[in-house]
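[1] Give the three-dimensional model of this entry:
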Amino acid sequence: MKELQELLQKITGISEKANVDMVFGAPQEVAGRTLIPVAEVSYGFGAGFGSGPHSGDQEPDAEITETAPEKHEVAGGGGGGGGAKVRPIAYIEVDSAGAKIVPIMDEKKIALAGILLVAWICGWIGLVLKTIFKQ
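    Below you'll find the model as predicted:
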């Protein structure tokens, strides 16, 4: 039980570390403008533990009977993990004219979406041609 508490303390520490400061610093003054970073922060964790009868001299699929309880020991195990994702999504630009939000584009996602769109179109063209030439 002590191991579980230690594991949960380590995992819940992620929420303290996963913040905007991992991606950006403090708001910056640049040429009379203030830039305020905006980031998406997400984290999650999970853990599992279990125990059950175990005997080293039996096959894993062998049936456990109560005729020889002294041969069976209780074995247990467990594990857990966690992770965090912090990514910049925009910054707020404040100057004498007002404030505006400037989004930060993820070029990798845009490129991947384009590749998937082309593949989808090619698949449909192939399906239509197959149907036409089959008749």
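[2] after the lowest-mean-pLDDT helix or strand in the chain comes which helix or strand?
    Sorting the helices and strands of the chain by mean pLDDT, DSSP states H and E puts helix 14-17 at the bottom, at a mean of 66. Per DSSP states H and E, the first helix or strand lying C-terminal to helix 14-17 is strand 28-30.
[3] what distance separates that following strand from the centre of its chain?
    Relative to its chain's centre, strand 28-30 lies at 32 Å (C-alpha atoms, centre = their mean, to the nearest Å).
[4] Please apply the same query to stretch 119-135.
    For stretch 119-135, the distance to the chain centre is 37 Å (C-alpha atoms, centre = their mean).
[5] which residues are in contact with that stretch?
    By C-beta atoms under 8 Å, 6 or more residues apart in numbering, no residue outside stretch 119-135 reaches it. (Glycine included, C-beta is placed from N, CA and C.)
[6] can I get the CA coordinates of that stretch in PDB?
    C-alpha atoms of stretch 119-135 as PDB (Å, rounded to 0.1, in the frame of the first residue of the first chain):
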ATOM      1  CA  ALA A 119      -5.200   9.700 -50.400                       C
ATOM      2  CA  TRP A 120      -9.000   9.800 -49.800                       C
ATOM      3  CA  ILE A 121      -9.600  11.400 -53.200                       C
ATOM      4  CA  CYS A 122      -7.300   8.800 -55.000                       C
ATOM      5  CA  GLY A 123      -9.200   6.000 -53.200                       C
ATOM      6  CA  TRP A 124     -12.600   7.400 -54.500                       C
ATOM      7  CA  ILE A 125     -11.300   7.900 -58.000                       C
ATOM      8  CA  GLY A 126     -10.000   4.300 -58.000                       C
ATOM      9  CA  LEU A 127     -13.300   3.000 -56.800                       C
ATOM     10  CA  VAL A 128     -15.200   4.900 -59.400                       C
ATOM     11  CA  LEU A 129     -12.900   3.700 -62.200                       C
ATOM     12  CA  LYS A 130     -13.200   0.100 -61.000                       C
ATOM     13  CA  THR A 131     -17.000   0.400 -61.000                       C
ATOM     14  CA  ILE A 132     -17.000   1.900 -64.500                       C
ATOM     15  CA  PHE A 133     -14.700  -0.500 -66.200                       C
ATOM     16  CA  LYS A 134     -16.300  -3.500 -64.500                       C
ATOM     17  CA  GLN A 135     -19.500  -2.900 -66.500                       C
END
